[in-house]
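Q: I would like to see how this sequence folds:
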Amino acid sequence: MSGSLLAADAVIGCPHGGRVTPAATPSGGVRVAGAAVVTGAHGHLVTGCPHTVDGVPSPCVSVRWTAHDGGVTVDGVPVLLDTSAAECLNVALVPQGPPVVRPTGRRVVVR
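A: Sure thing, here's the model as predicted:
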């Protein structure tokens with residue numbers, strides 16, 4: 001799997017316009033332009049999702065990423081790429097679509 005490394009300051013949204021951010025500030029020595037590289041061990045939260053189903057609020061609240069095993073790791077944990085499989089979930093853990101990763105000007109490509 002190839003793609004660009006995700007850093008903690010990546011601009012990510014849910015498919016309905018909510019904002020996706022790391023649940024905790026990633027630490028570690030691997031950084032891209034000063035921002036920590038995000039791994040499969042980091043959780044992500046969604047805020048501001050306006051999604052409704054039949055008029056009932058059903059906002060995205062978290063993202064479940066699937067890091068690619070066998071690739072680049074940080075402290076033994078696979079890094080997340082902009083191409084990593086992911087799903088936004090509501091509070092009942094119902095999948096609501098993949099997150100949208102906005103391209104950045106800087107890129108570290110993993111092949």
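Q: ok, residue 103 - how many residues close by?
A: If you count neighbours by other Cβ atoms under 10 Å, residue 103 ends up with 10. In this view, the C-beta of every residue, glycine as well, is placed from N, C-alpha and C.
Q: no no, residue 85
A: Residue 85, neighbours per other Cβ under 10 Å, totals 13.
Q: Quick one, grab the pLDDT at the spatially closest residue to it that is not a sequence neighbour.
A: Excluding its sequence neighbours, the residue lying closest to residue 85 (Cβ to Cβ, 6 or more residues apart in numbering) is residue 66, at 4.2 Å. We have a pLDDT of 89 for residue 66.
Q: shouldn't residue 66 be in contact with residue 83?
A: No - counting by Cβ atoms under 8 Å, residue 66 stays clear of residue 83, with 10.9 Å between them.
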